[in-house]
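In: Sequence below, structure please.
(2 chains)
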Amino acid sequence: MQQNLIWFLRILIVIQSLGYAAKLAAPSALNSYLLGSMGGKLVYDLDHAVWFFLLLASGAVLVLGFLRPANTSLLGKVDFACLGLLTLWPFVTAIFSWLNNPGNPFHATDPAGHAVRYAAPLALLLLTAFPEKGNVRRVEWVLRWGVAGTFVGHGLCALWLKPSFVDLIIGTMNLFLGDPVFTAVSFQDLEEALTIAASRQTIAESALPIIAIQDFILVALLLLPGKRIRTVLLWMSVWGFVTAMSRMTAYGWEHWHDLALRICNGGVPLFLWAHWNSLESKKISK
Amino acid sequence: MKIKILAQLLLVLTPLVSIKVFSETPWLDKKYVESKMKTLAPVKGDGPSQWRVIWTKEPSTKATISWTTAKKGSEHKVRYGIRSEGKLKEIGMIQKVQRSGAYSGARGEYYHHARLSGLKPSTSYQFEVESDGKKSPVLHFMTAPSDDREFKLLFGGDSRTGIEARAQVNLLMADLSEKDDQLIAFAHGGDYIISGRSWSQWSKWLSQHELTVTHSGKVLPIIPTRGNHDGGPLYDEIFDTPGGSGKNYFHTMISPKVALVTLNSEISAGGDQQAWLAKTLFDLRPKVRWLLAEYHRPVWPAVKSPGKAKKFWVPLFEKFNIDLAVESDGHVIKRTVPIRNEKKDPTGIVYVGEGGLGVPQRIPKSDRWYLQSPGMTGSDHHVMRVLFGKDKMDYEVILLDGEQADHYEFFPR
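Out: Predicted coordinates for the structure are as follows:
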């Protein structure tokens, strides 16, 4: 695999991990799970320690990308350890997010919906540890399944009209079209605003099932054995970035970390698209 | 000599014995809590249990009385009457249940809701629920006022874990209620239990709710809010779908001068709910002296990240100058500085709460700018009590031992 592509994956993981670190301004899912048994002080310290290690590991992964140490060297092992932590944390938070909310169908999709977040560092770990040619194909499938999981998880939430997804659409519409509720000054304005707000809610609730179907179709096309449909990946990448970006368009710039920790939603499909492009170029040049 | 020694012993022992026997906070003793838990009406047979009074829109003239039976049964009713007018048997009116059904996921237990209307304001009503001839004890509650008199409400959230601590807070609430006729209702900020789809968890919560009933049988009507752990159909089955199915947002005119707007942070905050909020605040603000909002996920949190509703609701809170916002979810105690336009502003909105009805407490992030003095943070099981007066609104946080952890006065805008 081309080194510039591996670099791209590395940068995606660093951005994602910084998003996770910023997210720790609030208690993590692990914190919530352990609160009852360990007490407030201990879980607070645990989150703080994870925050510190995430920052440290993100920095180390970036620097070690430049240094490119040998796998068997100490720095090489540090690189693996850091990537291991950056794989483990998204996985742990997805699992505990589900466990903390028993019976909640939206949280139950988190282990799938967050799949690309732990698949990406795992893929880089595998690529770095086992750079043999035959391994690249396996890594590609790790990423394909990761992307598929994320799109299935989000697709299910869209199908079930997850309230926060409805708000993402309404908030984004309000950004571009104005919020009639805030600008209303008279009772008549408010009546009008009510109608507009209701119509935006209807639009959002009508769009989500269509988005869900789109997600499922994309996943089916992505996982077709023996096929590499690049257009599908390009669209998945665009869609992944758009939906990640909607956290900021709906809620403002202060939600940058929500975009950062979803950077792989669009980034990994883009990575795979570029990889498939390079494979295609090689084929043509032969 | 012996008499002298005996007298000295008595002098020393009497206070010790009286502290043990006549403690003002007996719920701090685990054995006392355990003994109280054994007295709760069991959910078995066809008799009533888990009784509760629910307030939603017009509590001066309406209330819903709800209970559970272990079997479907055939005849369920409430006998009720004005407490001062005599014995219930003689003066009682009867309201048959309007809604009954099997609790989702339960093992045959049924809910029953009898909606009383035409009640007199500021009146103590006695009632007993009856299922197939089996009766509850005679209980009583006070309707909300229709005049501008002073009264108090309790607020609190997050009773989902810490079963014993939850029982302790319930006993504290019963004690506060017993001592204070002005205290008329309790607004729960959500997260009653861990999994909203688990009947066994709800059943335990409902049975323990009986601990909020005083020795004299005074019941604090509950104004419910849905929390993030309260998903699924049981919430609506237990509280008679407050605010309507799929919505669970409504406003309660507790008196002509006090309104509580209950919002649902677990559904879309924008769109319909935001527009409803705007219209409701527009309508209420000129009419009431004290305008409050309650919802589960904090928009100015002491531990977590701001709830997504912040973008949709806070500009409206500020536009219509609500007097207090009550939040839960963080598992701490907090009171923010007055906030307007993301800054401390004496004309701004104060946000209180964060939940301590039994759930394990977290360490608040007290370095956040909006929690600096004169705001406050803490970490303890607690309940909030608010006195709605003509000249001021008196807010206090009461800990399990009865100590006051916070106190703040609000003046009419």
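In: okay but B:G81 is in contact with B:I91, surely?
Out: Yes. Counting by Cβ atoms under 8 Å, B:I91 is a contact partner of B:G81 at 4.2 Å. Just so you know, the C-beta spots here come from the backbone N, C-alpha and C atoms, and that holds for glycine as well.
In: more crowded one of those two?
Out: When B:G81 and B:I91 are compared for neighbours, B:G81 comes out ahead with 19 against 15, by other Cβ atoms under 10 Å in any protein chain shown.
In: My reading is that B:E128 lies in a strand. Confirm?
Out: Yes. Assessed by DSSP: H, G, I helix; E, B strand; the rest coil, B:E128 belongs to a strand.
In: Could you tell me how many residues sit around it?
Out: B:E128, neighbours per other Cβ under 10 Å, totals 21.
In: what sits against it?
Out: B:V78, B:R79, B:Y80, B:L88, B:K135, B:S136, B:P137, B:V138, B:L139 (Cβ atoms under 8 Å, 6 or more residues apart in numbering or on different chains).
In: bridging residues for it?
Out: B:R79 (DSSP bridges).
In: Flag every residue of chain A that's near chain B.
Out: A:23, A:25-27, A:35-36, A:39-41, A:43-44, A:101-104, A:163-164, A:166-167, A:170-171, A:174, A:181-182, A:184, A:187, A:190-191, A:193-194, A:197-198, A:200-201, A:204, A:250-252 (Cβ under 8 Å from any Cβ of the partner chain).
In: For the stretch 201-350 of chain B, which residue gets nearest to chain A?
Out: When scored by Cβ to the nearest Cβ, the stretch 201-350 of chain B has B:G271 as its residue closest to chain A, at 3.1 Å.
In: And chain B, what are its domain boundaries?
Out: Annotated domains of chain B cover B:49-142, B:151-410 [automatic domain parsing].
In: now for these, which one comes closest to A:S281?
Out: Using Cβ to Cβ as the measure, domain B:151-410 is the one of the domains of chain B that comes nearest A:S281, at 43.6 Å.
In: Once you drop chain neighbours, what's closest to A:K162?
Out: Distances taken as Cβ to Cβ, 6 or more residues apart in numbering or on different chains put A:F106 closest to A:K162, at 5.2 Å, once the chain neighbours are dropped.
In: Which pLDDT does the model give the one you found?
Out: pLDDT for A:F106: 96.
In: For it, which residues are in contact?
Out: A:C157, A:W160, A:K162.
In: go on, B:T377?
Out: B:A302, B:V332, B:I333, B:K334, B:R335, B:P364, B:K365, B:S366, B:L371 are the contacts of B:T377 under Cβ under 8 Å, 6+ apart.
In: And the residues you listed, which two are furthest apart?
Out: Greatest spacing in the contacts of B:T377, by Cβ to Cβ: B:R335 and B:K365 (14.3 Å).
In: Between the two, point out the one with more neighbours.
Out: B:R335 (25 against 19).
In: could I get the contacts of A:F106 as JSON lines with neighbour count and distance to A:D258?
Out: JSON lines is the format used below for the contacts of A:F106 (neighbours: other Cβ atoms under 10 Å in any protein chain shown; distance: Cβ to Cβ, whole Å):
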{"residue": "A:C157", "neighbour count": "24", "distance to A:D258": "15"}
{"residue": "A:W160", "neighbour count": "15", "distance to A:D258": "20"}
{"residue": "A:K162", "neighbour count": "18", "distance to A:D258": "15"}
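In: nearest to B:A278, of those residues?
Out: Nearest member of those to B:A278, counting by Cβ to Cβ, is A:K162, at 23.7 Å.
In: Can you verify A:A22 is assigned to a helix?
Out: Yes. A:A22 forms part of a helix when assessed by three-state DSSP.
In: Help me confirm that it comes into contact with A:H257.
Out: Yes. Assessed by Cβ under 8 Å, A:A22 is found in contact with A:H257 at 3.6 Å.
In: Please identify which helix or strand holds residue 4.
Out: In the absence of a named chain, chain A is used. helix A:3-23 (DSSP states H and E).
In: hmm, I had chain B in mind actually
Out: helix B:2-21.
In: just B:A187 next, same as before
Out: strand B:183-188.
In: ok, now A:P121?
Out: Using DSSP H and E, A:P121 falls in helix A:115-129.
In: before we move on, what about A:V139?
Out: A:V139 belongs to helix A:133-159, assigned by DSSP H and E.
In: isn't there a strand covering B:F141?
Out: Yes. B:F141 sits within a strand when classified using three-state DSSP.
In: tell me the contacts of B:V326?
Out: By Cβ under 8 Å, 6+ apart, the contact set of B:V326 is B:F155, B:A187, B:G189, B:L292, B:A293, B:E294, B:Y295, B:Y351, B:V352, B:G353, B:M384.
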